[in-house]
Each structure stands twice: as structure tokens, then as C-alpha cells.
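>>> Pasting the sequence and the predicted model now:
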Amino acid sequence: MRSFCIHGHFYQPPREDPFAGVIPSEEGAKPFANFNEKINTECYRPNAELGNFEVLSFNLGPTLAAWLEGHDPPTYQRVVEADRRNRAAHGVGNALAQAHNHTILPLATRRDKETQIIWGMADFRHRFGREPLGMWLPEMAVDQETLEVLASQGVAFTLLSPHQARGQVDDAGPYRVRLPRGREIAVFFRDEALSNILAFDPELTNSAKDFVENCLSGAHGPGGEGLRLVATDGETFGHHHRGRERFLHDLVYEEAPRVGYEMTFLARYLQEHPPVAEVEIMDGTSWSCGHGVARWREGCTCTPGESRWKRPLRGALDRLAQEMDALYRDEVERWVVDPWQLRDGYIRVVLGEMKGRAFLAQQAAGKLTEGEARRTLTLLEAQYYRQAMYTSCGFFFEDLSRLEPRYLIAYAAKAIHLVKKATRISLEDGFKRDLRLAVSWITDQTGEDIYDDVTQGRF
Ligand SMILES: [Zn+2]
């Protein structure tokens, strides 16, 4: 019997002004106060109420999960419960973890890859009460080092697009990717054409019945074995295309099973079908276009206008990150064996599982002075914003003057503020000097202008 799986990537970036701690009013979201409220009403809540999360494979990004938990607890509970029910029925759940701050991992250092993956797994454990088996890679951006870190942390699988494989892959797999030191990871491949119809062709997704007749039957029918996998942004179902939560419900509960598909999810399919074939992955590729990860580094031709602001913005962030890391290491290496393990563990404080002081007491070799403890916790908080400043949507769009890059600069400014509080050393001048090289082709504002804006609450 042919199996069918729809994976939804449910995610929103953080929207809080890091200085004020609240979401500035977002004009475009009216009549809602902000986009989280709007998208929740159009997508997350109705999909949860219809029971769609139980039949999907899905990941719920940590920043969205935290917002949902605070602002719509019933919806949040329904999503968490969907995974628990599958676990009860099938032994494995249908939720996947996600790299914590939606960082483009191939562009990150090894240490940042580790932190992102370890934080993503800790967030998952905190919410779903179990170890994650699979992880969603932001923008499906991949390289071997990312897969190595996933495997070394115990992640069993991820999913990618066929063009990210070396050579031809004709089905969803799962395939085995061999990694150094005898490690391996399973990779599923989505049906790119079918995924793109769901995401970008509202004509063909007006009714689930028509969609199945056009795209999932006849020559594309359920004959034979194997898995058909589609993967797309979860917001497709209700937010990008209005009313598609109904379409999704009809598709997974009625129309696809009616023509002979068995609905499944990735962890369950992997359990029943371990990989037999092997594949190699192309480093520095992503799902959204053929330009690999260039879109988030120097820009690519998929966005209009001038992408020249991207490289200097990333350069400014990378330099700031290095300077911050040196100050952080100098402070903590006197009393902790591994500063980076300390950073990885700090997510438990972010999640509210432990108080900062208790965390330090657990990690420190000896007793810390009051000043050391205070400085360390402030520097760890700065490291949290240092991770958030790589949120991928800041580099995704066409111009520096948009809200998304402004947020990256705001997180960097918050990190700088905290570092100064802890060490009395200001990294501001150097960062602002670097930001001058990034210029909006629409407003002529430089990164430095935006820095001055966001530190005064102007988003
Ligand atoms: Zn491109």
C-alpha cells in the first residue's frame, strides 16, 4: 500500500522588541495587533481544532511555541497532545524538533551549530516530554557538518529536497547518509512538484477532491509501494491560502484514504521502513532556490533590487559574535571546564526549568563570588541574543529597511547592551562602524541608522 505524508513547518520568528519585551504594533496585521495573532486565528487555532496536527508530520518552532504557550494555551495543548496520541497509538510521535533560532546552519560555526541543535532538542523535550527523533533544518539548509552534529546528538532523521542529493533520487526514501566516525543519519526527500502545488497553486487546492483527482490518482495514483512526501510551510494551510485548513482536513481524513493512500508520518514510516539505499548530500544547499545558501550570505537573483547589504550585515554580526565569544570565554573559563557546554546548558534557564543561580551552582567547579555569578548570567543572556541575531528571515527578503533585518540589529544591540553591563566593555562603536557598510537600496538608510532607530524603540 502506498503511504502519504504531509509535513508542515510551523514557525514564526520572535517579534518582541528585545528592549521593551513586547511586540510593537504591526500595521500590516490589522485588525489584529500583530502577525502572530493574525496567523494564529487563520491557521494554528483552526488546524488544531480540526485535529489536523494528529495526521500531519510537523515541527513547531521554539519561538512560535513559546508565544503560543503564553497567548493561546488551548491551541498549544492540542498541538502537544497530537504528538502524545500518536505516541500512544504507534510508539513514536509525529512532531519534529527544529534548530532553535532558525539559523542557516551551513553558515554557522560548528559551535553555533551545536548550540542551535542542542537548544532545539531541549526545547522539544520541554514541550513534548520525550526525545526528538527527527529535526527540521531551517530552510532545509544543509551541509555534512550539520548532519554530523545532528547524528552525534542522537537525531535519527531529517528531510530535504531531491535537488540537495548528489545524483538522482526518485522517491521519498528514507535514504542512509554515511558520516565520519561510523555515524549515519536517515534522510527523507519531499516531492518537490507536489509540495509546490500545495504551497503556491491556490487554484489546484480549492477542493481536496479535485486535488486528489488531479495530483494523487490516475498516473500519479496510489499503486505500488513506498511513500509520497510533501513538505511545506504549515502557514500554507489557512494563512497563505484562506480556508485551506478545511482542504487539509478533507485531504488527510477523507480524500487521500478514499483513493487508497495510508496516511503516515515520518518517524512511524522510518520505524517500519529503515533505509536500504544510500545517498550523498550536496553541501550548502537549501529548499527555496538553486542558489544554495547564497540568499542568506550575499544575496541571489531570487529577490528584486540590490542584495549588496547582506554581506556587510553578516560580516558585522560575525565580528560581533567573535568579540562577544572572547569576552564570554575570558569570564567563565576560570571556573568552568567548557564554556560552550555551559552555553548549551543555559537553555534550561531560558525555558524556566531552572533558576540561573541554581544552574551555575550545578555547573561550576567551585563556589562563585556574587560578582562572578551576576556577570556570568548577564553574559549568558547576551549569548542568547547573539544566537537570535542570526534568525534567517533577516536575510531572506529584498531589503535592509524591512522589519526582519531591523530585528537582527535590535538583537545585536541588546547583546551589546548586556555585554557592557557585565564587563563595562562596549562593542558598540565597532559594530556601528561595520554596519555603515550595509545600505538599504530603498531608503538609503545604513545599518547604523537602523541601529540608532531600534535602540530608541523605532521599529
Ligand atoms: Zn535564489
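Structure's in. What do you need?

>>> alpha carbons only for contacts and neighbour counts from here, please
Will do.

>>> Number of residues surrounding the closest residue to D283 other than its chain neighbours?
Residue nearest to D283 in three dimensions, not counting chain neighbours: D143, with 4.1 Å by C-alpha to C-alpha, 6 or more residues apart in numbering. Applying other C-alpha atoms under 10 Å, we find 18 residues neighbouring D143.

>>> can you check R181 too?
Neighbours of R181 (other C-alpha under 10 Å): 8.

>>> for G129, same thing?
13.

>>> what's the distance between it and the ion?
38 Å (C-alpha to the ion, to the nearest Å).

>>> helix, strand or coil for the closest residue to the ion within the stretch 51-200 of the chain?
Nearest residue of the stretch 51-200 of the chain to the ion (C-alpha to the ion) works out as E139 at 12.1 Å. For E139, the assignment made with DSSP: H, G, I helix; E, B strand; the rest coil gives helix.

>>> Show the pLDDT at T205.
pLDDT recorded at T205 is 88.

>>> List the residues that contact it.
The neighbours of T205, taking C-alpha atoms under 8 Å, 6 or more residues apart in numbering as the test, are 197-198, 211, 244, 247.

>>> Which residue ranges of the stretch 151-300 of the chain form strands?
157-160, 175-178, 184-189, 227-233, 262-263 (DSSP state E, counting those that start in this stretch).

>>> Same list, those, but as JSON lines with mean pLDDT, mean neighbour count and distance to the ion please.
Shown next, in JSON lines, are these (pLDDT from 0 to 100; neighbours: other C-alpha atoms under 10 Å; distance: least, C-alpha to the ion, whole Å):
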{"stretch": "strand 157-160", "mean pLDDT": "98", "mean neighbour count": "24", "distance to the ion": "17"}
{"stretch": "strand 175-178", "mean pLDDT": "98", "mean neighbour count": "20", "distance to the ion": "26"}
{"stretch": "strand 184-189", "mean pLDDT": "98", "mean neighbour count": "23", "distance to the ion": "20"}
{"stretch": "strand 227-233", "mean pLDDT": "97", "mean neighbour count": "24", "distance to the ion": "17"}
{"stretch": "strand 262-263", "mean pLDDT": "96", "mean neighbour count": "18", "distance to the ion": "33"}
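
>>> Redo those as JSON lines? Include distance to M324.
As requested, those are arranged in JSON lines below (distance: least, C-alpha to C-alpha, whole Å):
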{"stretch": "strand 157-160", "distance to M324": "32"}
{"stretch": "strand 175-178", "distance to M324": "35"}
{"stretch": "strand 184-189", "distance to M324": "33"}
{"stretch": "strand 227-233", "distance to M324": "34"}
{"stretch": "strand 262-263", "distance to M324": "48"}
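
>>> Would you tell me which of the ones you listed gets closest to F19?
strand 227-233 (29.6 Å; C-alpha to C-alpha).

>>> residues near the residue of the stretch 51-200 of the chain closest to the ion, how many?
22.

>>> H9 too?
23.

>>> does it have beta-bridge partners, and which?
N59, D233 (DSSP bridges).

>>> Might you report the residue contacts of L96?
L96 touches 57-60, 124, 132-136, counting by C-alpha under 8 Å, 6+ apart.

>>> State the mean pLDDT of the helix or strand in which it is found.
Using DSSP states H and E, L96 sits within strand 95-98. Strand 95-98 shows a mean pLDDT of 98.

>>> List the buried residues of whatever helix or strand comes next after it.
Using DSSP H and E, the helix or strand that follows strand 95-98 towards the C-terminus is helix 110-128. Buried positions in helix 110-128, judged by neighbour count with 16 or more other C-alpha atoms under 10 Å: 112-124, 127-128.

>>> Identify the farthest-apart pair in these.
D112 and F128 (23.8 Å).

>>> which non-adjacent residue is nearest the one residue in the stretch 351-459 of the chain that gets nearest to the ion?
Across the stretch 351-459 of the chain, the shortest distance to the ion (C-alpha to the ion) belongs to F396, at 9.8 Å. Leaving aside its sequence neighbours, F396 sits nearest to W296 (C-alpha to C-alpha, 6+ apart; 6.0 Å).

>>> Contact residues of this protein facing the ion?
289, 291, 300, 302 (C-alpha under 5 Å from the ion).

>>> Drop anything exposed from these.
C300.

>>> Now render the residues of the chain next to the ion as TSV, adding pLDDT and distance to I6.
Output for those, formatted as TSV (pLDDT from 0 to 100; distance: C-alpha to C-alpha, whole Å):
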residue	pLDDT	distance to I6
C289	88	21
H291	95	25
C300	96	29
C302	95	26
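
>>> hmm, back to that, my guess is the residue nearest to F396 contacts R308. True?
No - W296 is beyond contact range of R308, at 11.4 Å (criterion: C-alpha atoms under 8 Å).

>>> So which bits of stretch 314-327 are buried?
For stretch 314-327, a neighbour-count test (16+ other C-alpha under 10 Å) marks 314-318, 320-321, 324-325 as buried.

>>> try stretch 452-459
Buried residues in stretch 452-459, defined by neighbour count with 16+ other C-alpha under 10 Å: 454-455, 459.

>>> mind putting those in CSV, pLDDT and secondary structure included?
Shown next, in CSV, are these (pLDDT from 0 to 100; DSSP: H, G, I helix; E, B strand; the rest coil):
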residue, pLDDT, secondary structure
V454, 95, helix
T455, 95, coil
F459, 87, coil
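
>>> between those, which is closest to R45?
F459 (27.8 Å).

>>> How about the contacts made by the residue most central in space within the chain?
Note on the chain: the residue nearest the mean C-alpha position is H102, at 3.4 Å, using C-alpha atoms, centre = their mean. Applying C-alpha under 8 Å, 6+ apart, we find H102 in contact with 13, 61, 137-138, 390-392.
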